[in-house]
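> Give me the fold of what follows.
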Amino acid sequence: MRRPTIADIAREAGVSKVAVSYALNGRPGVSDETRRRIAAIARQLGWAPSSAARALSDGKAGAIGVVVDRPAEVLGVEPFFMRLMAGIQNGLGEGQTSLLMQVSSHQAVELDIYRRWHAERRVDGVLLVDLRVEDARLDLVTGLGLPAVVIGGPLGRADLPCAWTDDAAGMTEVLDYLAALGHRRVVHVAGPAEFVHTSVRAQAFAAATARLGMTESRTVHTDYSDEGGASAVRRALVAERPPTALVFDNDVMATAALGVAQELGLSVPGDLSLVAWDDFGAVPAGPTGVERAAQAGGGLRRAGGVHAAAAAGRRGGRGPGRRAADVGRPGQHRATPNGALT
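As a prediction, the model looks like this:
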C-alpha cells in the first residue's frame, strides 16, 4: 500500500498543501477548525511525518543508535544486552525518539556504520557499548561531531559522558568471600581481554588473590559463549591441581560449567564453588550452589536510560550531561556492586 502524503491529505480536505503543512506542524495561518479537520483526516489516512524530511527541516532524525560488535550466536543467549536494551528503551520512553540497533561483524564495519549514520542523518546520537582498551570509536565520533555516550569507563576525558559498573569493587568482594570460605585456588573465566571491563576485573582479581595469598589462581579468557566457557572450565578442572572455585564473567558460561562439573563427577558446591557475575537469573541459585555476584545490573540499566536521554538531547544543542542531570549527576556515572547509581 502506498504511503499517504501531504498531497493526499490536501486533496481529501479540499485545501492547499501549504495549509496542510501549517496545520500538521502547528504553525499559524489556518483556523483552529481547519487544523482539527486536517489532523482528523491525517489520522484516518494513516499519515505519519517522514523522518528523512524532518531531518532536513530541523536536523533531527528522531533516533538513537547502538551498534553491537558481537557474534550473533552469542547475542542470542546473552541476557546482558537484552536487559541493557530494555533500560535504554525505558529511558527513551514513549516519546518520538526511536532506538536503532545494528550488529556488526568486526570493529571496522562498526566504524563504517557510524560514518554512514552521521552522513545520512540516521541518528541524533549513539551509545557506545563494549568499551575497548584501545578504542578507535572515541576519537571517531568526536571527530565527526556525532553525539555519543559511552557505556563503560571511566574515560578520563570531558568530551564524552559515560556510565560504568565498579567492576574492581565487585571482584574484590567476590574474592574476599571465597577466601572466607577457605578457597585458595580460584580461576576467573573472563571475556575477551580487549574489553575495558574485562581488563578491570582481571586486574582486580590479580590484586585480590595476591593480597589473600591465593598464589595458584589465574584468569583465562574466552568469548562469553557457553562453548567457550565449557572448554575453559574443562581444561581447568582436569589440571594436576584444579581450582576449588570458579568466577565467571557472565551467567551463560556459569551455566555451562554446571554441566561440565556433572560430567566430571564433581559436586557443586561440595567439590567446587561457582560464582556467576551477571545476577540476571540465568543461573539457578540455591540448591545448585551457584552464587550470583550482583553486577549492579539495575544500576547499569538505569544508567542506560539516563544516557539514552542524554544522547537524545545533545543534538539539540544541550551540553554532554544536561539531560542526564534530570535524574542524576551529569557527565560520568558509576554503578556500584549493590546496584546504586552514583
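
> Can you give me the domain assignment for this protein?
According to automatic domain parsing, the chain comprises the domains 6-48, 63-165+299-335, 167-294.

> Would you convert those domains into CSV that also reports mean pLDDT?
Listed next are the domains of the chain as CSV, based on pLDDT from 0 to 100:
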stretch, mean pLDDT
domain 6-48, 87
domain 63-165+299-335, 73
domain 167-294, 88
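
> Export the ones you listed as TSV, with columns for mean neighbour count.
Backbone N, C-alpha and C define where each C-beta goes, glycine included. Formatted as TSV, the domains of the chain follow (neighbours: other CB atoms under 10 Å):
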stretch	mean neighbour count
domain 6-48	15
domain 63-165+299-335	19
domain 167-294	19
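
> Spatially central, which residue of the protein would that be?
Centrality entry for the chain: nearest residue to the mean C-alpha point is Leu84, 4.5 Å, by CA atoms, centre = their mean.

> That one is in contact with Val129, isn't it?
Yes. Contact criterion CB atoms under 8 Å: Leu84 and Val129 qualify, at 7.2 Å.

> Now the common contact residues for the two.
Residues touching both Leu84 and Val129 (CB atoms under 8 Å, 6 or more residues apart in numbering) are Ile151.

> The residue lying closest to Trp47 once chain neighbours are set aside: neighbouring residues, count only.
Spatial nearest neighbour of Trp47, chain neighbours left out: Pro4 (4.5 Å); criterion: CB to CB, 6 or more residues apart in numbering. Neighbourhood size, Pro4 [other CB atoms under 10 Å]: 16.

> Am I right that Pro4 is in a strand?
No. Assessed with DSSP: H, G, I helix; E, B strand; the rest coil, Pro4 is coil; it does not lie in a strand.

> got the residue ranges for the strands in the stretch 201-342 of the chain?
When assigned using DSSP state E, counting those that start in this stretch, the strands of the stretch 201-342 of the chain occupy the ranges 218-221, 245-248, 273-276, 290-292, 332-335.

> ok, now the stretch 51-200 of the chain?
In the stretch 51-200 of the chain, the strands defined using DSSP E, counting those that start in this stretch lie at 63-68, 98-103, 125-128, 148-151, 162-165, 186-190.

> Could you save these as TSV and add columns showing distance to Leu111?
Shown next, in TSV, are the strands of the stretch 51-200 of the chain (distance: least, CB to CB, whole Å):
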stretch	distance to Leu111
strand 63-68	9
strand 98-103	12
strand 125-128	11
strand 148-151	13
strand 162-165	19
strand 186-190	25
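
> Indicate which one of these is closest to Ala206.
Among the strands of the stretch 51-200 of the chain, strand 186-190 comes nearest to Ala206, with 8.9 Å by CB to CB.

> now what about the closest one, what contacts it?
Contacts with strand 186-190, where a contact means CB under 8 Å, 6+ apart, come from 171, 175, 178, 198, 201-202, 205, 209, 214, 217-222, 229, 232-233, 236, 243-249, 253, 257.

> let's see it at 7 Å
Residues from elsewhere that reach strand 186-190 (CB atoms under 7 Å, 6 or more residues apart in numbering): 178, 198, 201-202, 205, 209, 214, 217-222, 229, 232-233, 236, 243, 245-249, 253.

> CA-only coordinates of that strand in PDB, if you can.
Output of strand 186-190 as PDB, limited to C-alpha atoms (Å, rounded to 0.1, in the frame of the first residue of the first chain):
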ATOM      1  CA  VAL A 186      40.400 -19.900  42.000                       C
ATOM      2  CA  VAL A 187      40.100 -19.500  38.300                       C
ATOM      3  CA  HIS A 188      38.500 -16.400  36.800                       C
ATOM      4  CA  VAL A 189      36.800 -17.300  33.500                       C
ATOM      5  CA  ALA A 190      36.700 -14.000  31.700                       C
END
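
> Offset the numbering so it begins at 359, please.
Got it, the first residue is 359 from now on, which makes the last one we talked about strand 544-548.

> Name the strands paired with that strand and say parallel or antiparallel.
Here strand 544-548 has these sheet partners by DSSP bridges: strand 576-579 (parallel), strand 603-606 (parallel).

> Could you give the separation of it from the chain centroid?
Computed by CA atoms, centre = their mean, to the nearest Å, the chain-centroid distance of strand 544-548 equals 23 Å.

> ditto for stretch 504-514
Distance, centroid of stretch 504-514 to centroid of chain: 12 Å (CA atoms, centre = their mean).

> What is the end-to-end distance of it?
One end of stretch 504-514 sits 19 Å from the other (CA to CA, to the nearest Å).

> Would you map the helices across the stretch 509-658 of the chain?
Taking DSSP state H, counting those that start in this stretch as the criterion, the stretch 509-658 of the chain contains helices spanning 525-538, 554-569, 584-595, 609-621, 655-672.

> Thank you, goodbye.
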